[in-house]
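# the sequence and its predicted three-dimensional model are supplied below.
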Amino acid sequence: MEEAAARGEEYIEETPQQRKKSDFDSNKDDRRKSKVPKALYDPEVRKQLEELKQHRPYFMYSVTVLQILLMIGLLIVNFIKVGHFFDSLSNNIMFGPNRGTLIHMGARFVPCMKQMDMDRAKIFNITICPLGVKGSIINNEDLCTLGDLCGMGGIEQGAKPNQWIRFIAPIFLHAGIIHIFINLVFQIRTGIQMERDFGTFRMMVIYMASGIFGFAFGADVTYNIPSVGCSGALYGLLACLLLDLIQNWKLIVNPWKEFMKMSFIIIFSLGFGLLKFVDNFAHVGGFITGIFTGLIFMPTIIFGKWDLRRKRFLKVISVPILIGIFIWVFSTFYKQESNTCKWCKYVTCVPFNHGCDGL
């Protein structure tokens with residue numbers, strides 16, 4: 001006080017009440033800055049978090065390397081067949097090989113996978129060969145049988161097409177450089193960390209189940225369009241991220257903000273899937289499968305007895321639902337020789353400027 005007087009300053013001494021209010025305001029600001037979720041003060045929750053293991057992401061690394069190698073292989077095969085690595089951008093906006101090469105290398109292409117109705121089948125029994133595919137019809141290499149078109153060992157004359165491997169192989173193939181770049185950015189940045197948290201087996205089941213269901217879902221609608229890519233599998237992972245946010249809501253600092261951000265990403269990306277060159281059925285199918293496989297296989301934190309019962313109930317009912325939708329999608333695919341759903345095509349296209357033509 002004397003030093004303040006010597007400097008010509010007025011000294012005001014705080015009362016105990018003022019100091020107490022100042023300390024309270026300071027502590028309140030600290031709490032606002034830290035924003036520690038209440039659930040973290042629960043010793044049981046903290047114990048569960050400490051017991052979570054980190055795993056090596058062997059599956060994601062292996063799949064990523066395989067997809068890159070197969071992309072290179074597709075471009076080499078395209079060069080051998082047609083003399084250049086990339087198809088024209090008017091045919092393949094993804095900067096990749098032509099349609100014939102994708103079909104030959106294992107794209108999901110329904111005419112090679114099952115017997116179709118007569119109107120559809122006659123189109124592909126004898127058809128003009130796509131670029132890079134030579135026909136076996138005598139004196140006319142420009143006309144292809146279904147076996148010539150499909151490749152992969154061919155289809156004997158008169159035999160029913162049944163290349164079921166085309167539900168699996170397309171997960172590892174991509175339509176071009178742009179396509180694989182977009183997918184691998186998400187797969188590397190997000191998928192690898194998810195495998196570290198979930199474990200290799202869980203990740204493999206979620207990824208493959210989402211990818212396979214995605215290619216089976218709506219296949220009859222887009223029967224004449226070759227489809228490739230791991231997008232369906234990645235939408236399964238995206239569904240798991242949303243599920244993880246909801247399941248661990250109490251651990252998130254600002255859960256509603258994160259929920260709104262994730263919802264916007266999901267809605268925007270599904271909207272992007274309505275573009276003509278994108279198979280949105282794979283996205284929707286993968287997302288649906290990701291929800292149910294995530295409920296079954298994802299590790300969870302328990303926030304009390306009621307939360308335990310709820311999560312166990314969801315896990316139990318998800319098992320028959322997941323089995324049921326797989327039985328439904330494959331039985332529908334193989335029993336129906338043609339598409340009986342007239343409005344389903346709008347899942348993957350917009351009825352504007354001929355956007356749904358050919359579906």
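Great, that's in hand.
# please make it C-alpha for all contacts and neighbour counts, starting now.
Fine.
# Thr127 belongs to a strand, doesn't it?
Yes. Applying DSSP: H, G, I helix; E, B strand; the rest coil, one finds Thr127 inside a strand.
# which residues does it bridge with?
With DSSP bridges as the criterion, Thr127 is bridged to Cys144.
# how many neighbours does it have?
Neighbours of Thr127 under the rule other CA atoms under 10 Å: 16.
# regarding Gly153, what is its secondary structure?
Gly153 ends up coil, using three-state DSSP.
# mind checking the longest helix of this protein?
helix 305-335 (DSSP state H).
# now that helix: mean pLDDT?
For helix 305-335, the mean pLDDT works out to 93.
# tell me the buried residues in it?
Neighbour counts over helix 305-335 (16 or more other CA atoms under 10 Å) mark Lys311, Lys315, Ser318, Leu322, Phe326, Val329, Thr332, Phe333 as buried.
# Gly96 belongs to a helix, doesn't it?
No. Counting by three-state DSSP, Gly96 falls outside a helix, being coil.
# phi, psi of it?
Main-chain dihedrals, Gly96, degrees, to the nearest 10: phi -150, psi -160.
# name the nearest residue to it, sequence neighbours excluded.
Gly176 (3.6 Å; CA to CA, 6 or more residues apart in numbering).
# correct me, but the one you found touches Ile72?
No. When contacts are counted by CA atoms under 8 Å, Gly176 is not listed as touching Ile72 (9.6 Å).
# more crowded one of the two?
Per other CA under 10 Å, whichever of Gly176 and Ile72 has more neighbours is Gly176, with 23 against 16.
# please name the residues that touch that one.
Taking CA atoms under 8 Å, 6 or more residues apart in numbering, we find Gly176 in contact with Met71, Asn92, Met94, Phe95, Gly96, Pro97.
# cool, and Leu89?
So Leu89 contacts Phe95 (CA under 8 Å, 6+ apart).
# now Gly158
With contact set as CA under 8 Å, 6+ apart, Gly158 has no partners.
# which phi and psi does it have?
Residue torsions, per degrees, to the nearest 10, at Gly158 are phi 90, psi -10.
# gap between it and Lys134?
To Lys134, Gly158 is 20 Å away according to CA to CA, to the nearest Å.
# one more: Gln163?
With CA to CA as the criterion, Gln163 and Lys134 are 20 Å apart.
# tell me the SS of the residue lying closest to Gln157 once chain neighbours are set aside?
Distances taken as CA to CA, 6+ apart place Gly147 nearest to Gln157, at 7.6 Å, with adjacent residues excluded. Following three-state DSSP, Gly147 is assigned to helix.
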